[in-house]
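> Here is my input; please provide its structure:
(one chain, ligands or ions: 1)
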Amino acid sequence: MGVMRIDKMLANCGVGSRRDVKELIKFGRVSIDDKKVNKSDIKVDTDKNKIYVDGKEVFYKKYIYLLMNKPSGVISATEDGREKTVIDILPEKYHKFNLFPVGRLDKDTVGLLILTNNGDFAHNTLSPKKHVFKRYFATVSGVIDKNDIKAFFDGIIFDNGEVCKSARLKVCKIKSNCTDVFVEISEGKFHQIKKMFNVIGKKVLFLKRVKFGGLELDEKLMEGEVRELSEYEVNKVFNEN
Ligand code: URA
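Prediction:
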């Protein structure tokens, strides 16, 4: 990733804040290749130099990506005066990365949420031009029939005249007074899925995002848990097959 200050590099890697890192350097705990460093403004080439803290190599990563199984009751924001956010529930070790959620899930929606510090990634996945489909599992009131599937396919029109892009609606199970479905949309209008069902006279009773582009929710993650995504998994977002 090129040349940068050692304190910035270590702070970006999550070793600590810039101030923590300066202390580590001051106490001789940081080395570049086999030499101890004593100044925070020394430049390192992250492609060529090996950097160690307390003898342990630190690998440079500009961005990090977390997969969260979002629980109900927390909001998709970085901070909020009143409500608990998805950032508030992250393990302490991730707090120094300036992470933010990629798009929003409603407070009562659960499931796949990516958190990153890469603004370009977030922008690209959310841009309707990129056609990244997001799949949701939903339980909705009443019975979904083929007219509803066609209405979603043709593009739902909200009361204010706003037209949604074609969406895929698939019935999983018809129950006595509700239906389990999968819905796939490639845009992210405010409360989009709830509003789309509203137009066809149905209410969303439960909503869970299960897929984001080609990346599926890791069902081993309990609600509220996160894990880091590998580069391969991050790339899957843009590759649906
Ligand atoms: N659509 C909604 O209505 N809510 C969500 O949380 C996500 C998509």
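> Just the terminal-to-terminal distance for stretch 39-57.
18 Å (C-alpha to C-alpha, to the nearest Å).
> Which of the residues in it are classified as buried?
Ser40, Val44, Thr46, Asn49, Ile51, Tyr52, Val53 (16 or more other C-beta atoms under 10 Å). The C-beta positions use only the backbone N, C-alpha and C, and glycine is treated the same way.
> Model confidence score at the residue nearest to Glu233 when sequence neighbours are not counted, please.
Closest residue to Glu233 apart from its sequence neighbours, by C-beta to C-beta, 6 or more residues apart in numbering: Leu215 at 5.9 Å. As predicted, Leu215 sits at a pLDDT of 97.
> I figured Leu215 was touching Val237, is that so?
Yes - using C-beta atoms under 8 Å, Leu215 and Val237 qualify as a contacting pair, with a distance of 5.0 Å.
> coming back round to it: what count of nearby residues applies to the residue nearest to Glu233?
22 (other C-beta atoms under 10 Å).
> who's in contact with it?
Leu67, Leu112, Ile114, Leu229, Glu233, Val234, Lys236, Val237 (C-beta atoms under 8 Å, 6 or more residues apart in numbering).
> again, only this time at 10 Å
With contact set as C-beta atoms under 10 Å, 6 or more residues apart in numbering, Leu215 has these partners: 65, 67, 112, 114, 125, 132, 229, 233-240.
> Sort out which of these are buried, if you could.
Among the contacts of Leu215, those buried by neighbour count (16+ other C-beta under 10 Å) are Tyr65, Leu67, Leu112, Ile114, Thr125, Val132, Leu229, Glu233, Val234, Lys236, Val237.
> Please tell me the pLDDT value assigned to the fifth one.
What that stands for is Thr125. 91.
> any idea how far the nearest residue to it once chain neighbours are set aside lies from Ala11?
Among residues not flanking Thr125 along the chain, Val132 sits closest, at 5.0 Å (C-beta to C-beta, 6+ apart). In this view, Val132 and Ala11 are 31 Å apart by C-beta to C-beta, to the nearest Å.
> ditto for Ile114
Counting by C-beta to C-beta - Ile114 and Ala11 are separated by 22 Å.
> That concludes my questions; thank you for your assistance.
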